[in-house]
Structures are given as C-alpha cells and as structure tokens.
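Asks: Sequence first, predicted model second:
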Amino acid sequence: MSTNDDHHLDANAAGGALREIFSVDVTAAGTSCATCAHSFTFAEALLHAWAPGLVGRCPACGEVVFRLVRAPGRAWLDLRGTTCLDIRMPEGR
C-alpha cells in the first residue's frame, strides 16, 4: 500500500475510538491464540504474575498471548500472541 496518497488520516484520529475500547474490562473479551488458534476469553489465560510484569499464556498450548509491564506513569502491553480481541461494548457506546 502506498503511503503517498491523500486517502488516510493521521492515526491520532482514532484516539477517541481507542479510548472507548480501552476503558472497558477486557477480561471478558474473546481472543484466539496466534500459535494454536484456540479461542478463549482473556480471563481464561494462564497468568504468571511473579515476573517483572504480567504474562498471560494460552490455556491450550501454553504459548504467551500477552505481556503487561508497568512503571511509574506508563505501561507496555504486548498482544503479539493473540490474533484479535472481541470486545463487547456497553450499550450506547
């Protein structure tokens, strides 16, 4: 895809929509493991919380599906192990 066209916006235009999504409880969101394609809710991931951050693993194959590391005033969320999140939005959003 060419990035030299006039048919795109700066990604800041997605800020409002992303703020709505990340303000909901994602533990109820559906996801699929990028390794084995097992479907599950985020809450079903096997959580390892004794690392420098949180590591969630697929309940079927054990591969890492997410990593969350926090520091004062910031957080890093790595979702490389998931294919997507199916987030149910509250009515009216």
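Replies: All right, it came through fine.
Asks: What is the least confident helix or strand in this structure?
Replies: helix 15-21 (a mean of 82; mean pLDDT, DSSP states H and E).
Asks: Helix or strand next in line after that helix, which one?
Replies: strand 30-33 (DSSP states H and E).
Asks: after that next one comes which helix or strand?
Replies: Following strand 30-33 in sequence, per DSSP H and E, is strand 39-41.
Asks: Now do that next one: distance to the chain's middle.
Replies: When distances are taken as C-alpha atoms, centre = their mean, to the nearest Å, strand 39-41 is centred 13 Å away from the chain's centroid.
Asks: May I have the strands that pair with that strand, each with its orientation?
Replies: In the sheet, strand 39-41 lines up against strand 30-33 (antiparallel) (DSSP bridges).
Asks: Give me the mean pLDDT for the partner strand.
Replies: The pLDDT scores in strand 30-33 average 96.
Asks: Show residues contacting it.
Replies: Contact partners of strand 30-33, identified using C-beta atoms under 8 Å, 6 or more residues apart in numbering, comprise 38-42, 58, 60-61, 63, 65, 81-86. C-beta coordinates here come from the backbone N, C-alpha and C atoms, glycine included.
Asks: which of those are buried?
Replies: Phe40, Phe42, Cys58, Val65, Gly81, Thr82 (16 or more other C-beta atoms under 10 Å).
Asks: Report the contact partners of Leu54.
Replies: Leu47, His48, Phe66, Arg67, Leu68, Val69.
Asks: can the buried ones among the contacts of strand 30-33 go into TSV with extra columns for distance to Ala75?
Replies: Listed next are the buried ones among the contacts of strand 30-33 as TSV, based on distance: C-beta to C-beta, whole Å:
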residue	distance to Ala75
Phe40	23
Phe42	16
Cys58	22
Val65	17
Gly81	17
Thr82	17
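Asks: Nearest to Ser23 among those?
Replies: Phe42 (15.3 Å; C-beta to C-beta).
Asks: what sits against that closest one?
Replies: Val26, Thr27, Ala28, Ala29, Gly30, Thr31, Gly56, Phe66, Leu85.
Asks: Got a quick ChimeraX command for the buried subset of the residues you listed?
Replies: Buried subset of those, written as a ChimeraX selection, criterion 16+ other C-beta under 10 Å:
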select :26,29,31,56,66
